[in-house]
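> fold the following.
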Amino acid sequence: MLRTPSNAIDSLVGVIERITFQSEDTGYTIAKIKPELRSCKTSENLARIAGREGVIPIIGTMATLVAGERMELQGYWVTHDKYGKQFKVTDYKSIQPNSVEGIQKYLGSGLIKGIGPSRAKMIVDHFGVETLDIIDAKPERLLEVKGVARKTVEIIQKGWHAQKHIQEVMQFLLANNVSITYAVKIYKTYGDDAIQMVMENPYRLSKDIWGVGFKTADQIAMNLGVDPRDPARIVAGARYVLQKHTEEGHVFVPLDDLIEESTAFLDVEPDSIPVALDTLVRSDEIVYEKDRVFMKPYYHAEQGIVRHLDRLINFPRPAPPEEQISLMIQTVEKNRRITFNDHQKAAIHLSFTKGVMVLTGGPGTGKTTCVQGVIDLFKEIGSRVILTAPTGRAAKRLSEVTGSEAKTMHRLLEFNPRTRNFNKGWEDQLDADVVILDEVSMVDTIMMNALLRAIPDTARFIMVGDADQLPSVGAGNVLRDIISSHVVPPVHLTEIFRQAQESDIIMNAHRVNQGEMPDVSIRREGDFFFISETDPAKGLETIRGLCTQRLPQKYGFDAIEDIQILTPMYRGEVGVDQLNLALQQALNPSGASLKRGDKELRVGDKVLQTRNNYDKMVFNGDIGRITSIDPDAQQVHIQFGEPVVYDYSDLDEVVLAYAISVHKSQGSEYKAVILPLYTTHYMMLQRNLLYTAITRAKMLVVIVGMKKALGIAVNNNQVVERYTGLREALVDKIG
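Below is the predicted model of the structure:
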């Protein structure tokens, strides 16, 4: 508890010795400063307060401080019941360090890109107390320091210039009670004019900078005195409500719902919302159709899917005679020493006689075997076959099981980061006779349209997936809409092959899908286990033990690479956040690290990309490992199949991935899956979620939690409906 003896304002000058705590969101800081003893106005005995260490605790809301920084502080003294005298900062400014030791610590703190601790020492050893003046006014002289190249000088010069302005942006954000997390991104986006541009229109932040939402922009606007009824605010708020629905998977929002929700959210008159929507129509951001409101890209993507499926379905193609197809199937069966069942044969026949088809089925029903047969037959007659999947992990698995090359949809369509478009499309289509898309349930409206545009009229299009899994993370419900429209012939594989029947994972997945409880009776050689633990805190400890000892010892699993914890929710004791903190400490407790606010990343950590980053060609849901942290360059290197480099300011896109949500696991396969299941997850306990989690495992499933929660999930077959117009449009156009 703090006690304030007086309101006497005091001043203090000194060098920041160390940062004890700093919130990257709020800027609240606890630090120790080594004071210049004559800097205090009042009669406080600085030497006595500083004690043996010679430092004084300071607290307050400040933009990012660094060890070695010399500060001039305004504030007053308070007394903490436990920690004693502290200096409460009300205002502050940075002033250059005036000692060699202070300058070296200041530069080595990671403040400036291009200078880490070792390089800081070399530079300060060479220039002494003149170091900061040299960097500021004569940076070319840094070439005098051994090991400093011209390119490094340019990086340091740019970093020094940027840091001055980033500090200003941080102070501006703090003054407006806004997180300082995005200061670097704001500066990188707007440059030296950042503050002026934000003050002119704070709502531009929610459009221009990923992670800065309407609420943050609105907070700045309110602090700047913007009228709550300002048209710019209402336009931005209506856009935000529509985008929020899109992020939840909806392709459109009913007009009345959008007006009602926007009115309540913004606390404005209902009549103002249609006016704002008209502004968004004129700015070419949204589209109205039949009292439905679409973000423009989703409207055109949905219409594009209909148009392209129509041309592929109805384009006349020659097909081999039925007798020839049957003979070819027999040849494949002989060569591969397999026997196709009737449904698989029907699927292979359809692939030759129809322009578009869908092949669906659960685990163990022979989808992969059927696809292999299709590939063999088309290659036998000289057809060019292309395989693709939505994610890198799904494409890699497709390559492994078929023995043919598979690419991600983005790589296949040749995404161009410069133009932000695909090189492959309507004007430059794929060189293919057959395109096979796996894990189609993961594909959203935008990506399905992008792929279809690139498929030539003459090619056949085969979609393969499991319609009972969770829908795509992105907007739409493409696979379900296509199947339910009945414009594309589907083949649904249902027969579980004998070998697959020996797997508890596969049999239990089918039981769950049919609304039956999985068989959780213990079998020594089984691959599906349920550990009953009603207390979530003890459940977390059980999961920790499974990862660190029991599963690696019994099965030889690598605790990080082979085991994946999937959980329904982010919050709670067995949610994504708490599990990741516990497992990072258990599996990767030491080594080079980087602390960003309350988040710490370490070399060796398993991490997840949380958004599509087209510049880096990494996508929402991709999992990688941190290979190195470079404090000089202020970069983190992460291996996502291929190495990717992140600036420190981009790390808000990356989170720990020892545990991930079930939604993020789509299209992936892991040797072992651990699934915590508790009634505290009630809102997310759905059959398709449980089914998706189980089917991610290749060798082992362990559910930790409550049988009651398991029963709730099995019995809850209410799929959350998404607003999409695809099924209706397909029926109107083709059906």
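> now the helices for the stretch 151-300 of the chain?
For the stretch 151-300 of the chain, applying DSSP state H, counting those that start in this stretch gives helices covering 183-190, 194-200, 204-208, 214-223, 231-247, 255-266, 272-282, 296-314.
> these into a markdown table, with extra columns for mean pLDDT, mean neighbour count and distance to residue 678?
Where you see a C-beta, it was placed from the backbone N, CA and C, and this is true even at glycine. Below are the helices of the stretch 151-300 of the chain laid out as a markdown table (pLDDT from 0 to 100; neighbours: other C-beta atoms under 10 Å; distance: least, C-beta to C-beta, whole Å):
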| stretch | mean pLDDT | mean neighbour count | distance to residue 678 |
| --- | --- | --- | --- |
| helix 183-190 | 79 | 21 | 36 |
| helix 194-200 | 86 | 16 | 43 |
| helix 204-208 | 87 | 19 | 35 |
| helix 214-223 | 88 | 19 | 30 |
| helix 231-247 | 94 | 20 | 26 |
| helix 255-266 | 96 | 17 | 31 |
| helix 272-282 | 95 | 17 | 40 |
| helix 296-314 | 96 | 19 | 35 |
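> let's have those in TSV, adding distance to residue 397.
Converted to TSV, the helices of the stretch 151-300 of the chain look like this (distance: least, C-beta to C-beta, whole Å):
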stretch	distance to residue 397
helix 183-190	35
helix 194-200	44
helix 204-208	37
helix 214-223	39
helix 231-247	27
helix 255-266	39
helix 272-282	41
helix 296-314	25
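> distance of residue 410 from residue 656?
Per C-beta to C-beta, to the nearest Å, residue 410 is found 25 Å from residue 656.
> repeat that for residue 130.
Shown here: residue 130 relative to residue 656, a distance of 43 Å by C-beta to C-beta.
> okay, those two: which has more neighbours?
Comparing residue 130 with residue 656 by other C-beta atoms under 10 Å, the one with more neighbours is residue 656, at 23 against 14.
> show me what that one is bridged to.
residue 607 (DSSP bridges).
> just the pLDDT at it, thanks.
As summarised for this prediction, residue 656 has a pLDDT of 95.
> verify the stated contact: it with residue 608.
Yes: contact criterion C-beta atoms under 8 Å: residue 656 and residue 608 qualify, at 7.3 Å.
> need the contact list for residue 141.
127, 134 (C-beta atoms under 8 Å, 6 or more residues apart in numbering).
> surely it is within a helix?
Yes: under DSSP: H, G, I helix; E, B strand; the rest coil, residue 141 sits within a helix.
> point out where this protein drops to low pLDDT.
By pLDDT under 70, the low-scoring segments of the chain are 1-8, 24-26, 37-45, 47, 64, 110, 174, 177-181, 597-598, 735.
> ok, residue 523 touching residue 502?
No: using C-beta under 8 Å, residue 523 makes no contact with residue 502, being 11.1 Å away.
> now for the helices of the stretch 151-300 of the chain, which one comes closest to residue 629?
For residue 629, the closest of the helices of the stretch 151-300 of the chain is helix 183-190, at 17.0 Å, according to C-beta to C-beta.
> now for the closest one, which elements pack on it?
Packing partners of helix 183-190 (3 or more C-beta pairs under 8 Å, 6 or more residues apart in numbering; DSSP states H and E): helix 150-175, helix 194-200, helix 204-208.
> how about those in CSV, adding distance to residue 469?
Below are the helices and strands packed on helix 183-190 laid out as CSV (distance: least, C-beta to C-beta, whole Å):
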stretch, distance to residue 469
helix 150-175, 41
helix 194-200, 42
helix 204-208, 32
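> list the buried residues for stretch 617-630?
Going by neighbour count (16 or more other C-beta atoms under 10 Å), the buried part of stretch 617-630 is 617-619, 621-626, 629.
> now the end-to-end length of that stretch.
Start and end residues of stretch 617-630 are separated by 21 Å (C-alpha to C-alpha, to the nearest Å).
> just stretch 591-608 next, same as before
Note: stretch 591-608 ends 20 Å apart using C-alpha to C-alpha.
> contacts for that stretch, please.
Counting by C-beta under 8 Å, 6+ apart, residues outside stretch 591-608 touching it are 22-25, 181, 560, 584, 588, 590, 621-629, 631, 636, 638, 648, 651, 654-658, 660, 664.
> check stretch 568-577 too.
Residues outside stretch 568-577 that contact it (C-beta under 8 Å, 6+ apart): 536-537, 539-540, 543, 567, 578, 659-662, 676-678, 680-681, 683-685, 689, 704-705.
> swap in stretch 285-305?
For stretch 285-305, the external contacting residues (C-beta under 8 Å, 6+ apart) are 239, 242-243, 246, 251-256, 258, 277, 280-281, 284, 445-446, 448-450, 452-453, 475-476, 478, 723-726, 729.
> let's go with 7 Å and repeat that
239, 242-243, 246, 251-255, 258, 277, 280-281, 284, 445-446, 448-449, 452-453, 475, 725-726, 729 (C-beta atoms under 7 Å, 6 or more residues apart in numbering).
> can you check stretch 231-241 too?
201, 203, 206, 213-214, 217-218, 221, 226, 258, 261-262, 265-266, 268, 272-273, 276-277, 279-280, 285.
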